[in-house]
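Asker: The sequence isn't on hand, but the structure is:
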């Protein structure tokens, strides 16, 4: 049995094959559309690519098509918490008499042949000029494209399984154990609290170690219990997502930035792990944003509300060190940007993250030690 692939279908298959296998785009399921392919990559210059093979024969139909694109992109922006979403609109059957009006958010490409693809879209994606867009046996082409896309999909699935699959988290449990041991030691030797509690004046006088030691002390068994439960729940999630080394760095750095802001703004003494836990929330916020296609509903319905609720409670009741919470949250977010996420950040993003974190840390250091 012979299989004949039309020119439009061939272009669609070749474009989808290229964008999925070479540019890491993923298909989007869009309800209510026919003869269209929608692709998404939130880390690419064009976050959305739409390929339309429907015949557009007049200006009115073209204007309606643009209206439809903007509405669909608007929905995608809400789902992915994106302020801007540059879109590439590839039209395969546009009447030559129709004038394409420029749009700052939608770039339109009118292509009818493989040569058009190379000459137009190839200027934006240079690898497309040398990609395998040549005509071959129709059956072999379909089989090869299908196999390549399936392999890429399987690769993505393995990558996300590696990230989200539950793991044995040693660091979180070790930190919890250390906090419990420190509490027991402080009960037996009360003077330890006086030696290691956070005191802004003592830090300014040179006892810099208090910025870290105070985060392993707790005022009561209830204080310890609340913080360790929060650390167990949030810490295990963060360690699973980002790995042991990055988790430990983020926890310790958040502890220090939390204590620094507390030493600046809080009168009296301070202790507890809550600033570091807020730092882990900052990391979770950063991770959730980058994986919002998978955690979009969780980010909006759980992560953000938990952070806002805890900040609200902190401002509603006395005796809670809000400065430590805010200092840890910001520190955790910024150091997460600096360390980056596997497969999600490029070098420039991490460099920018380090610059932002260093400015934040230097600002706190200046206010605390040099002002």
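Answerer: All right, it came through fine. All values derive from a computational prediction rather than experimental measurement. Residues are numbered from 1 along each chain as shown.
Asker: Now residue 89: phi and psi?
Answerer: Main-chain torsions, residue 89, degrees, to the nearest 10: phi -110, psi 110.
Asker: nearest spatial neighbour of it, skipping sequence neighbours?
Answerer: Using CB to CB, 6 or more residues apart in numbering and skipping residues adjacent in sequence, the residue nearest residue 89 is residue 108, 4.8 Å away. From N, CA and C alone the C-beta is placed, and that goes for glycine too.
Asker: if I've got this straight, that neighbour is in a strand?
Answerer: Yes. Judged by DSSP: H, G, I helix; E, B strand; the rest coil, residue 108 forms part of a strand.
Asker: Please report how far it lies from residue 244.
Answerer: As for residue 108, its distance to residue 244 is 48 Å (criterion: CB to CB, to the nearest Å).
Asker: Pick out whichever of those two has more residues nearby.
Answerer: Remark: of residue 108 and residue 244, residue 108 carries more neighbours, 19 against 16, as counted by other CB atoms under 10 Å.
Asker: what sits against that one?
Answerer: Residues counted as contacts of residue 108 (CB atoms under 8 Å, 6 or more residues apart in numbering) are 89, 91, 100.
Asker: which ones are touching the first one?
Answerer: With contacts defined as CB under 8 Å, 6+ apart, the neighbours of residue 89 are 50, 52, 66, 69, 106-109.
Asker: These, buried ones only, as a PyMOL selection?
Answerer: Only the buried entries of the contacts of residue 89 go into this PyMOL selection, using 16 or more other CB atoms under 10 Å:
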select buried, resi 50+52+69+106+107+108+109
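Asker: of all the contacts of residue 89, which comes closest to residue 354?
Answerer: residue 107 (32.7 Å; CB to CB).
Asker: May I ask you to confirm that that closest one is in contact with residue 88?
Answerer: Yes. Judged on CB atoms under 8 Å, residue 107 makes contact with residue 88 at a distance of 5.4 Å.
Asker: who touches both of those two?
Answerer: With CB under 8 Å, 6+ apart as the test, residue 107 and residue 88 both reach residue 46.
Asker: if we can go back for a sec, what is the nearest of the contacts of residue 108 to residue 226?
Answerer: For those, the minimum distance to residue 226 (CB to CB) is 52.0 Å, reached by residue 89.
Asker: in the stretch 251-371 of the chain, which spans are helices?
Answerer: Secondary structure of the stretch 251-371 of the chain (DSSP state H, counting those that start in this stretch): helices at 274-290, 292-298, 304-316, 322-339, 347-365.
Asker: The longest one packs against which elements?
Answerer: For helix 347-365, the packing partners by 3 or more CB pairs under 8 Å, 6 or more residues apart in numbering; DSSP states H and E come out as helix 244-265, helix 322-339.
Asker: Just want the angle from that helix to helix 322-339.
Answerer: 150 degrees (axes from the mean of the first three to the mean of the last three CA atoms, to 10 degrees).
Asker: in helix 347-365, what counts as buried?
Answerer: Buried residues in helix 347-365 (16+ other CB under 10 Å): 353, 356-357, 360-361, 364.
Asker: between those, which is closest to residue 196?
Answerer: residue 364 (20.4 Å).
Asker: That closest one touches residue 264, doesn't it?
Answerer: Yes. Counting by CB under 8 Å, residue 264 is a contact partner of residue 364 at 7.1 Å.
Asker: Redo the buried residues of helix 347-365 as JSON lines? Include distance to residue 322 and pLDDT.
Answerer: Formatted as JSON lines, the buried residues of helix 347-365 follow (distance: CB to CB, whole Å; pLDDT from 0 to 100):
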{"residue": "353", "distance to residue 322": "25", "pLDDT": "93"}
{"residue": "356", "distance to residue 322": "22", "pLDDT": "97"}
{"residue": "357", "distance to residue 322": "21", "pLDDT": "97"}
{"residue": "360", "distance to residue 322": "18", "pLDDT": "97"}
{"residue": "361", "distance to residue 322": "20", "pLDDT": "97"}
{"residue": "364", "distance to residue 322": "16", "pLDDT": "96"}
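Asker: From residue 273, how far out is the residue positioned nearest the centre of the chain?
Answerer: The centroid of the chain falls nearest to residue 290 when counting by CA atoms, centre = their mean (1.6 Å). Relative to residue 273, residue 290 is positioned 26 Å away (CB to CB).
Asker: what residues are up against residue 106?
Answerer: By CB under 8 Å, 6+ apart, residue 106 lies in contact with 66, 69-70, 73, 87-89.
Asker: Actually, residue 100.
Answerer: Contacts of residue 100 (CB under 8 Å, 6+ apart): 62, 94, 108, 110.
Asker: Which single one of those is nearest to residue 213?
Answerer: Using CB to CB, the shortest approach to residue 213 within the contacts of residue 100 belongs to residue 108, at 60.8 Å.
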